[in-house]
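J.: sequence below, structure please.
(chains A and B)
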Amino acid sequence: MTLAEAIFLTVITASTPLLLAAIGELVVERSGVLNLGVEGMMIMGAASGVAIAIITGSSLLGVVAAIGAGMAMAALFALLTLGLATNQVAAGLSLTIFGLGLSGVIGAPFVGVPRAGIPRIEVPILSDIPVIGAIFFRQDPFVYLSIALVLGVAWFLWRTKAGLVLRACGENPVSAHALGYPVLRIRFLAVLFGGACAGLGGAYLSLVLTPFWTAGMTAGRGWIALAIVVFASWLPWRAMLGAYLFGGLIILQLHAQSAGIRVPSQLLAALPYLLTIVALTVIMALRRGGGQVAPQGLGRPFVPDR
Amino acid sequence: MTLTRRNVLAGASALAASSTLPFAARANDPLGVGFVLIGPVGDFGWSTMHDVGRRRMEEVLGDAVTTTQVEAVAPPDFDRVVNTLARAGNRLIFTTSFSYFQPTLRMAEQFPDVMFENATGTSTRDNLAIYNARFYEGRYVQGVIAAMKSQTKQIGYVASFPVPEVIHAINTVMRGAWSVDPEMRIRVVWVNAWFNPGVEADAARALVDQGCDVLCQHTDSPAPLQLADERGIHGFGQASDMTRFAPNAHLTSSINNWGDYYAARAQAMIDGTWEPADTWGGLESGMFELAPFTNMTPEQASTAENVVAGLRDGSIDPFAGPIVNQAGEQVIAEGESLTDDQIRAMNFFYEGIDVSMPG
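T.: Numbering: from 1, shown residues only, chains lettered A, B, ... in the order given. This is a model prediction of the structure:
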């Protein structure tokens, strides 16, 4: 395996949790809801996933539990912001803080319990192709799943009627409501999907990438996922690009250091956010006078009149 | 009793309200001892071992002490936590991180009746002692073992921050490695964290991908060692025995052992003989020990044992001259040896270490 291949493989594994969380949040924001609780849902997924995997001895059940934990957190957020129409920013931030605390409690009995990670899937024949084989056909199931999710979300949002309705709820909830669509129910489902994806991203951390539990192990990845959604200007393919770009930056700076190249690692740590601002600026400049990139109704509570 | 930071802070207001509590407890009361930890008790490393030390102290001194521990205290919260501990009647407070050294100086001034002890600090006051272990002796042994195990002649080092403790450790690993094979090289990745399992693992991957086949780590999670196991190479654990995380990769770990020191210092408080000491114990002192050597041939293990014996009796001095820095300037001449203060302030790499300080 050449160094370039090795770097590529590492970039993929470092980017996958970011991509999983980002693609979920993208759907949530497309429906008009801003959920800043990604970090909290992610770490709850990481804690619940490893806890159930250790108790039952089954990684699959761990993954299911992680998805469930993410969705439970998302449901709580939905209760506050959709049911009670509270401020989404405040509710999202509380969700993150709540998740970081509660995950510590759930994970406490499992601190220091080592277990084997989820193995890679080797696609027969194809995985033996030089270069491409190792990169594309010798990955763990989460990597394939994350790519399938991007495909699925892109198809759903732009090629199905349901996707169109979901986007309508994000652009103009009043009109969607007037047309008879259940805006709150659609937003609720989107928020649940976002929670499931964040939980999955968390499970990737605690079951595959570093298979053990420690408090605070998401270490800010939920925030990078949020930045990716903005960087991607709410488009699935760009979210994939963003996730691999940000993941790639982290890995390349580590390699540069290892090769003895002097790099300002603190600056590189800030780069994802800087790039997000640059991307937004560029997109807005290109669309001079052409309206908004973000869904119009993003972050605004919607209360249907009866 | 272990308190979380939240509990302690919540209790602070209640205490402040009834703040007529005397600072010094009465003679028959057990001695209150406070501990402030930088990480979670469950970090498997640095903070875990301070907690083990605290429990050992309770075991030795029994009813003569009561302890209060606050874990995962970020430096900005430090003053509030120490305030609470001091007002709750703790007369001896251990602050267990270098990040707490400056804040501890400040709090020691504010509470002259409370005795403080800072781990890895650099100077003492009337009511502030410092303590540390000569972990670099373990690093020297790691270097010797790494040079015996490595096929690619490259050691990978997952480093946290460019502070003297880490810099002199990197220098010492190479000193040890060169004593076996002068061809040995080192690669270093700074992850800018003491504890971030994901990035530690990615840093380890980068090092292995670039050809390192023995990993040293100066961060606290078992992630780099786990990765070494996955990749079929070798590595060393940090702070506690990490064999179980990497049964096929683990060579040895430095195991911190603070308990006897804590017991002795608390006993000194009870006896009224506490002094603001500067304690820096090596392998000989028992403040740390090496986990049983694993995944080595008997010959390799016995070579390592000999080095340990040499460090214990002083026949091996990891900081003996001549020492030349990266720029080619001689720091000390042959026959001299670095003083403790020079070691504690070390801010340069030796000649032959091709690593830059992070900028």
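J.: can you tell me which residues in the stretch 151-300 of chain A are near chain B?
T.: Within the stretch 151-300 of chain A, the positions near chain B by CB under 8 Å from any CB of the partner chain are A:205, A:209-212, A:214-217, A:219, A:221, A:250-251, A:254-255, A:257-260, A:262-266, A:269. In short, each C-beta sits where N, CA and C put it, glycine included.
J.: pull out the buried members of those residues.
T.: Buried members of these, scored by 16 or more other CB atoms under 10 Å in any protein chain shown, are A:205, A:209-212, A:214-217, A:219, A:221, A:250-251, A:254-255, A:257-258, A:263, A:265, A:269.
J.: pull the number of nearby residues for B:Thr66.
T.: 17 (other CB atoms under 10 Å in any protein chain shown).
J.: nearest spatial neighbour of it, skipping sequence neighbours?
T.: Residue nearest to B:Thr66 in three dimensions, not counting chain neighbours: B:Pro30, with 4.8 Å by CB to CB, 6 or more residues apart in numbering or on different chains.
J.: B:Thr67 is in contact with the one you found, correct?
T.: No. Assessed by CB atoms under 8 Å, B:Pro30 is found out of contact with B:Thr67, at 9.4 Å.
J.: neighbour count: these two, which is higher?
T.: The neighbour count for B:Pro30 versus B:Thr67, taken as other CB under 10 Å, is higher for B:Thr67 (22 against 15).
J.: ok, what's across the strand from that one?
T.: B:Thr67 forms beta bridges with B:Val33, as assigned by DSSP bridges.
J.: for it, what are its contacts?
T.: Listed by CB atoms under 8 Å, 6 or more residues apart in numbering or on different chains, the contact partners of B:Thr67 are B:1, B:32-35, B:54, B:57-58.
J.: for the buried ones among the residues you listed, write the corresponding PyMOL selection.
T.: In PyMOL, this line selects whichever of those come out buried by 16+ other CB under 10 Å:
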select buried, chain B and resi 32+33+34+35+54+57+58
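J.: how about the helices of the stretch 101-250 of chain A, start to end?
T.: For the stretch 101-250 of chain A, applying DSSP state H, counting those that start in this stretch gives helices covering A:132-136, A:141-159, A:161-171, A:173-178, A:183-204, A:221-231, A:236-258.
J.: restricting to C-alpha, output the fourth one in CSV.
T.: Pointing back at helix A:173-178 there. Provided in CSV are the C-alpha atoms of helix A:173-178 (Å, rounded to 0.1, in the frame of the first residue of the first chain):
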residue,chain,number,x,y,z
PRO,A,173,-44.2,26.9,5.9
VAL,A,174,-47.3,29.1,5.7
SER,A,175,-47.9,28.3,2.0
ALA,A,176,-47.2,24.6,2.6
HIS,A,177,-49.7,24.7,5.4
ALA,A,178,-52.2,26.5,3.3
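J.: what is the mean pLDDT for it?
T.: The pLDDT scores in helix A:173-178 average 93.
J.: any weak-confidence spans in the chain?
T.: Chain wasn't specified; assuming chain A. The model of chain A has pLDDT under 70 over residues A:1, A:122, A:126-127, A:130-135, A:265, A:288-292, A:306.
J.: actually, chain B is the one I wanted.
T.: Low-confidence segments of chain B (pLDDT under 70): B:1-28, B:359.
J.: and B:Gln330, its phi and psi?
T.: The phi/psi pair for B:Gln330 (degrees, to the nearest 10) reads phi -80, psi 130.
J.: what sits closest to it if chain neighbours are left out?
T.: Spatial nearest neighbour of B:Gln330, excluding adjacent residues (CB to CB, 6+ apart): B:Val324 at 5.3 Å.
J.: ok, the helix or strand hosting the one you found: who's next to it in the sheet?
T.: For B:Val324, the enclosing helix or strand under DSSP states H and E is strand B:323-324. Sheet pairing for strand B:323-324, assigned by DSSP bridges, gives strand B:330-332 (antiparallel).
J.: buried stuff in the strand it pairs with?
T.: In terms of neighbour count (16+ other CB under 10 Å), strand B:330-332 has its buried residues at B:331-332.
J.: which parts of the following helix or strand past it are buried?
T.: Once strand B:330-332 ends, the next helix or strand along the chain (criterion: DSSP H and E) is helix B:340-344. By neighbour count on 16+ other CB under 10 Å, the buried set for helix B:340-344 is B:343-344.
J.: could you say what helices and strands helix B:340-344 packs with?
T.: In terms of contacts (3 or more CB pairs under 8 Å, 6 or more residues apart in numbering or on different chains; DSSP states H and E), helix B:340-344 is packed against helix B:164-180.
J.: interface residues of the stretch 101-250 of chain B facing chain A?
T.: For the stretch 101-250 of chain B, the contact set with chain A under CB under 8 Å from any CB comprises B:156, B:187-193, B:195-203, B:205-207, B:209-210, B:212, B:221-223, B:226, B:230, B:244-245.
J.: please indicate which of those residues are buried?
T.: For those, a neighbour count by 16+ other CB under 10 Å gives the buried set as B:156, B:187-193, B:195-203, B:205-207, B:209-210, B:212, B:221-223, B:226, B:230, B:245.
J.: ok, the spatially closest residue to A:Pro211 that is not a sequence neighbour - contacts?
T.: Of all residues not flanking A:Pro211 in the chain, A:Gly117 sits nearest, at 4.1 Å (CB to CB, 6+ apart). Neighbour list for A:Gly117: A:140, A:207-209, A:211, B:230 [criterion: CB under 8 Å, 6+ apart].
J.: for the single nearest residue of the stretch 51-200 of chain A relative to chain B, list the residues it contacts.
T.: Closest approach between the stretch 51-200 of chain A and chain B, counting by CB to the nearest CB: A:Val111, at 3.3 Å. With contacts defined as CB under 8 Å, 6+ apart, A:Val111 is in contact with A:213-215, B:40, B:42, B:44.
J.: now these in a markdown table, with distance to A:Leu226?
T.: Output for the contacts of A:Val111, formatted as a markdown table (distance: CB to CB, whole Å):
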| residue | distance to A:Leu226 |
| --- | --- |
| A:Trp213 | 24 |
| A:Thr214 | 22 |
| A:Ala215 | 21 |
| B:Pro40 | 25 |
| B:Gly42 | 28 |
| B:Phe44 | 30 |
